[in-house]
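Student: Build me a structure from this.
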Amino acid sequence: MNDRIVTVFGGTGFLGRHVARRLRANGFTVRVACRHPDSADQRDPKIQAIRADIRNPISIEAALVNAWGVVNAVSLYVEHGNDTFHAIHVKAARAIAQAAREAGAERLIQVSGIGADTASPSLYVRKRAEGEHAVRSALPGAVIVRPAVMFGADGGFVATVLDLMRKLPAYPMFGRGQTRLQPVAVDDVAEAIARILLRPECEPATYEFGGPEVFSYEDFLRSVARDAGLRPFLVPIPFGAWHVLARIAENLPHPPVTRNQVELMEVDTVTSPQAPGLRELGITPQPVRDAVRDLAHVGR
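Tutor: Numbers count the residues shown, from 1 in each chain. Here you go, the predicted model:
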């Protein structure tokens with residue numbers, strides 16, 4: 001056990017919640033920095049929730065007092081007003097890295113995403129890549145982690161797919177379902193982050209985390225349905241139509257689909273064989289079918 005403090009920005013999000021738990025399981029004291037601290041896990045006295053706004057440098061500095069390590073797990077999927085992809089994924093990420101350096105934090109992990117590329121036609125993907133560069137410029141020793149699409153028993157990609165399959169008479173498929181993806185368990189990603197922080201030496205590497213199987217999108221849907229005992233009717237819908245639907249949906253308070261989600265489904269999101277991943281950290285990735293069976297049981 002140790003008393004090293006790790007500040008987790010975005011610690012109440014889907015990944016952030018799991019990161020906080022895995023850090024505690026590995027002996028760290030966790031400071032969850034978020035806009036709504038009441039939503040953090042209050043059961044563990046060594047998970048401290050504080051109010052923080054990553055758009056405010058003073059707020060960031062306060063969250064990093066005495067912090068040994070930092071994890072930036074903040075993510076934005078739909079732009080609203082001042083909350084733009086550039087503001088959150090680039091400007092705020094840079095501010096966190098700069099503040100971590102000035103506060104004397106020894107470790108920083110920046111959560112990005114597989115496929116981050118400054119040349120991407122997707123604004124979201126470009127800003128993820130620009131954020132990586134901004135963090136490394138501010139703190140060269142930072143570690144970048146790029147998870148594939150994540151799933152878990154408490155949410156994520158598989159849960160959304162199963163929910164739609166149960167509710168819809170026909171399942172609308174992105175394009176012809178040929179995009180390749182490599183879903184990864186959120187627990188595995190969280191444990192990997194904890195293990196990186198536990199390493200005695202931390203090289204400024206870029207990790208890519210994916211599950212044990214690579215699917216085409218159509219094969220993924222059919223696999224999930226089969227393991228859940230469902231027989232959905234899959235309907236291919238051209239990406240052009242999806243972009244129109246997403247543009248309209250983004251006017252809703254909780255859009256069911258966004259343009260950046262459509263753009264992400266147009267490109268393969270699989271790990272690079274050259275990048276270190278879960279296995280290099282001693283983690284055997286969990287298959288999707290385990291989560292599907294758990295979620296299918298809960299959904300009955």
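Student: which one's the longest helix in the chain?
Tutor: The longest helix of the chain (DSSP state H) is helix 123-138.
Student: Following the chain onward from that helix, which element is next?
Tutor: Scanning forward in sequence from helix 123-138 by DSSP states H and E, the next helix or strand is strand 143-147.
Student: what's the spacing between that following strand and its chain's center?
Tutor: Centre-to-centre, strand 143-147 and its host chain are 10 Å apart (Cα atoms, centre = their mean, to the nearest Å).
Student: And it, what does it pack against?
Tutor: Strand 143-147 sits against strand 107-111, helix 123-138, helix 186-198, strand 206-209, with contacts defined as 3 or more Cβ pairs under 8 Å, 6 or more residues apart in numbering; DSSP states H and E. (Each C-beta comes from the backbone N, C-alpha and C, glycine too.)
Student: May I see the buried residues of the third one?
Tutor: Just to be clear, that refers to helix 186-198. Across helix 186-198, burial judged by 16 or more other Cβ atoms under 10 Å covers 186-198.
Student: any idea of the angle that helix forms with strand 107-111?
Tutor: Here helix 186-198 points in a direction 150 degrees away from that of strand 107-111 (axes from the mean of the first three to the mean of the last three Cα atoms, to 10 degrees).
Student: Output the contacting helices and strands for helix 186-198.
Tutor: helix 14-25, strand 69-72, strand 107-111, strand 143-147, strand 150-152, strand 206-209.
Student: run the last query once more with 6 Å
Tutor: helix 14-25 (3 or more Cβ pairs under 6 Å, 6 or more residues apart in numbering; DSSP states H and E).
Student: same check, this time on the second one
Tutor: Packing partners of helix 123-138 (3+ Cβ pairs under 6 Å, 6+ apart): helix 85, helix 93-103.
Student: what about Q98, neighbour count?
Tutor: Residues within reach of Q98, counting by other Cβ atoms under 10 Å, total 18.
Student: Tell me the confidence at the nearest residue to it once chain neighbours are set aside?
Tutor: Leaving out its chain neighbours, the residue that sits closest to Q98 by Cβ to Cβ, 6 or more residues apart in numbering is A138, at 4.5 Å. pLDDT, A138: 96.
Student: separation between A138 and R146?
Tutor: Going from A138 to R146 by Cβ to Cβ, to the nearest Å gives 19 Å.
Student: quick one, which of those two is more surrounded?
Tutor: R146 (24 against 19).
Student: Go ahead and confirm that one touches A205.
Tutor: No. Using Cβ atoms under 6 Å, R146 makes no contact with A205, being 10.9 Å away.
Student: one step back: want to throw the buried residues of helix 186-198 into CSV with distance to Q98?
Tutor: Shown next, in CSV, are the buried residues of helix 186-198 (distance: Cβ to Cβ, whole Å):
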residue, distance to Q98
V186, 28
D187, 31
D188, 30
V189, 25
A190, 25
E191, 28
A192, 25
I193, 21
A194, 24
R195, 26
I196, 21
L197, 20
L198, 25
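Student: so where's the stretch 151-300 of the chain uncertain?
Tutor: By pLDDT under 70, the low-scoring segments of the stretch 151-300 of the chain are 297-300.
Student: Tell me where it has helices.
Tutor: Using DSSP state H, counting those that start in this stretch, the helices of the stretch 151-300 of the chain run over 157-167, 186-198, 217-228, 239-249, 259-264, 288-299.
Student: Tell me which of the ones you listed is the most buried.
Tutor: Of the helices of the stretch 151-300 of the chain, the one with the most neighbours on average (mean count of other Cβ atoms under 10 Å) is helix 186-198, at a mean of 23.
Student: closest one to V90 among the helices of the stretch 151-300 of the chain?
Tutor: Closest of those to V90 is helix 259-264, at 14.8 Å (criterion: Cβ to Cβ).
Student: Show me what the closest one is packed up against.
Tutor: Helices and strands touching helix 259-264, as assessed by 3+ Cβ pairs under 6 Å, 6+ apart, comprise helix 239-249.
Student: May I have the helix it packs on exported as PDB, CA atoms only?
Tutor: Extracted C-alpha coordinates of helix 239-249, given in PDB (Å, rounded to 0.1, in the frame of the first residue of the first chain):
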ATOM      1  CA  PHE A 239     -23.100   6.900 -44.100                       C
ATOM      2  CA  GLY A 240     -24.400  10.000 -46.000                       C
ATOM      3  CA  ALA A 241     -27.800   9.400 -44.400                       C
ATOM      4  CA  TRP A 242     -26.200   8.900 -41.000                       C
ATOM      5  CA  HIS A 243     -24.500  12.300 -41.200                       C
ATOM      6  CA  VAL A 244     -27.800  14.000 -42.000                       C
ATOM      7  CA  LEU A 245     -29.600  12.200 -39.100                       C
ATOM      8  CA  ALA A 246     -26.700  13.000 -36.700                       C
ATOM      9  CA  ARG A 247     -26.800  16.700 -37.600                       C
ATOM     10  CA  ILE A 248     -30.500  16.800 -36.700                       C
ATOM     11  CA  ALA A 249     -30.000  14.600 -33.600                       C
END
